[in-house]
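*Asks:* predicted structure and sequence below. I'll ask about it afterward.
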Amino acid sequence: MKIVEMYGDSRVGVIEVPEPEPRDNWVIVKVIASTICGTELRSYRHGERDFNSHSYNSGHEAAGIVVKTGPAAKIAEGTRVAVIAHMGEQCGQCWYCHQGLWLLCTDLTEGGEEYLGTHTQYISRPDTHCIPMPDDVPFEIGSILVDAVGTPYRAIRRLGVNGFDTVLITGLGPLGASAAIICERLGARVIATEPAEFRRSMARDYGVDVAIDPVSEDALERIIELTDGRGPDVALDFTGYTEPQMLCVDAVRVGGRVGFIGLKFDETPDGPVPRPTPITVAGHLLPKELTLIGSWSVAPHEMLELFELAQQGLPVEQLITHRFSLDEAQEAYETAFNQRGCKVIIDPWA
């Protein structure tokens with residue numbers, strides 16, 4: 001079967017590898033749609049450090065059909081599924097799993113090379129990572145719900161965003177754009193900052209009321225002006241960069257809620273290191289009595305909610321701007337990472 005291989009230096013290729021086989025409670029999913037995620041940028045630029053050059057980091061957002069099952073799998077062949085973007089199998093028995101905090105499992109079975117990237121034709125995953133999709137949710141929509149939509153949805157849900165809120169979003173990449181769509185659906189007013197002209201031009205389609213270019217104007221001053229001097233109720237950063245994170249903390253009103261979802265790494269000889277932030281408890285959090293959360297990924301029960309929202313018309317299909325075949329993977333990555341598109345779909349069978 002074909003699979004995308006990461007070479008580093010912004011180069012990818014397509015190679016042939018054996019099709020996976022199921023074991024235990026694992027299943028084989030025929031990938032129908034796979035989408036490029038911003039977290040693949042590090043592997044795209046620097047190559048794959050962790051496993052092999054076609055491992056998990058060459059794609060992790062997918063939807064497809066279960067075609068084979070292991071002897072202990074609890075999902076049937078032929079089931080349409082969205083595949084949760086996790087590498088590692090939750091135990092289902094620790095305190096956190098029993099509390100429904102699936103993402104925080106303390107007895108996670110770490111994954112390895114068997115977690116092939118989803119930019120391929122078949123993948124092997126634990127049955128617990130495969131969430132059955134309603135028949136009227138398209139595969140392309142399923143593939144973006146598992147991360148690009150699911151990750152901001154979880155943060156927005158945890159922060160209790162509602163129709164009385166004004167929400168600041170820093171960064172209108174795929175996750176920020178998804179957040180805008182969700183917040184608009186909840187009735188919130190949305191202000192966004194984004195330096196890329198193409199992304200700002202799409203902001204109105206995502207439900208953004210005001211899109212600010214932080215390069216050409218004073219974003220903090222403009223945000224305060226737009227909120228009658230008070231600041232937004234909620235601020236969400238999807239960039240991982242220091243300046244937008246600081247903008248969120250500085251702009252949000254006293255007693256406001258802040259969510260950090262974006263994550264950036266600095267490359268070192270010993271591997272990637274998370275980028276630090278100058279935000280402090282004494283200097284920023286205590287004086288304004290802020291609620292600050294970090295949030296990542298999505299849990300199975302939240303996927304069920306997202307399926308319902310998709311069925312009710314949540315307009316996330318507009319996030320998809322380009323489609324490519326596996327053989328066009330180089331062009332697909334260039335499009336995704338040169339800010340010429342939003343969500344880029346790879347069709348393994350085109």
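*Replies:* Thanks, I have the structure now. Residues are numbered from 1 along each chain as shown.

*Asks:* show me how far stretch 168-182 is from its chain's centre.
*Replies:* Taking Cα atoms, centre = their mean, to the nearest Å, one finds stretch 168-182 lying 11 Å from the centre of the chain it belongs to.

*Asks:* and the end-to-end length of it?
*Replies:* 13 Å (Cα to Cα, to the nearest Å).

*Asks:* avg pLDDT for it?
*Replies:* In this model, stretch 168-182 has an average pLDDT of 97.

*Asks:* ok, now stretch 343-350?
*Replies:* Stretch 343-350 comes out at a mean pLDDT of 97.

*Asks:* list the contacts of that stretch.
*Replies:* 2, 4, 31-36, 59, 119-121, 140, 143-144, 148, 174, 319-326, 329, 332-333, 335-336 (Cβ atoms under 8 Å, 6 or more residues apart in numbering). All C-beta spots, glycine's among them, are computed from the backbone N, C-alpha and C.

*Asks:* before we move on, what about stretch 88-108?
*Replies:* With contact meaning Cβ under 8 Å, 6+ apart, stretch 88-108 is reached by 86, 109-111, 126, 128-129, 296-297, 299-301.

*Asks:* now do the SS call for L285.
*Replies:* At L285 the chain is in helix, as set by DSSP: H, G, I helix; E, B strand; the rest coil.

*Asks:* what sits against the closest residue to it other than its chain neighbours?
*Replies:* Distances taken as Cβ to Cβ, 6 or more residues apart in numbering put L292 closest to L285, at 6.1 Å, once the chain neighbours are dropped. Neighbouring residues of L292 by Cβ under 8 Å, 6+ apart: 249, 257-260, 279, 285.

*Asks:* which one of those residues is nearest Y115?
*Replies:* F260 (26.0 Å; Cβ to Cβ).

*Asks:* give me the pLDDT value at that closest one.
*Replies:* Predicted confidence (pLDDT) for F260: 97.

*Asks:* also N52?
*Replies:* 47.

*Asks:* now swap in N57 and tell me
*Replies:* 60.

*Asks:* ditto for the one 5 residues further on
*Replies:* In this model, A62 is scored at 97, pLDDT.

*Asks:* pretty sure it is touching V29, no?
*Replies:* Yes - if you go by Cβ atoms under 8 Å, A62 and V29 touch, sitting 7.2 Å apart.

*Asks:* okay, and the beta partners of the residue nearest to L285?
*Replies:* On the basis of DSSP bridges, L292 is bridged to V258.

*Asks:* number of residues surrounding Q312?
*Replies:* Applying other Cβ atoms under 10 Å, we find 8 residues neighbouring Q312.

*Asks:* now it: how far from A82?
*Replies:* 17 Å (Cβ to Cβ, to the nearest Å).

*Asks:* kindly report the same for T242.
*Replies:* Going from T242 to A82 by Cβ to Cβ gives 34 Å.

*Asks:* now swap in D165 and tell me
*Replies:* D165 is 28 Å from A82, by Cβ to Cβ.

*Asks:* ok, T193 - how many residues close by?
*Replies:* Using other Cβ under 10 Å, the number of residues around T193 comes to 29.

*Asks:* swap in P138?
*Replies:* When neighbours are defined as other Cβ under 10 Å, P138 has 15 of them.
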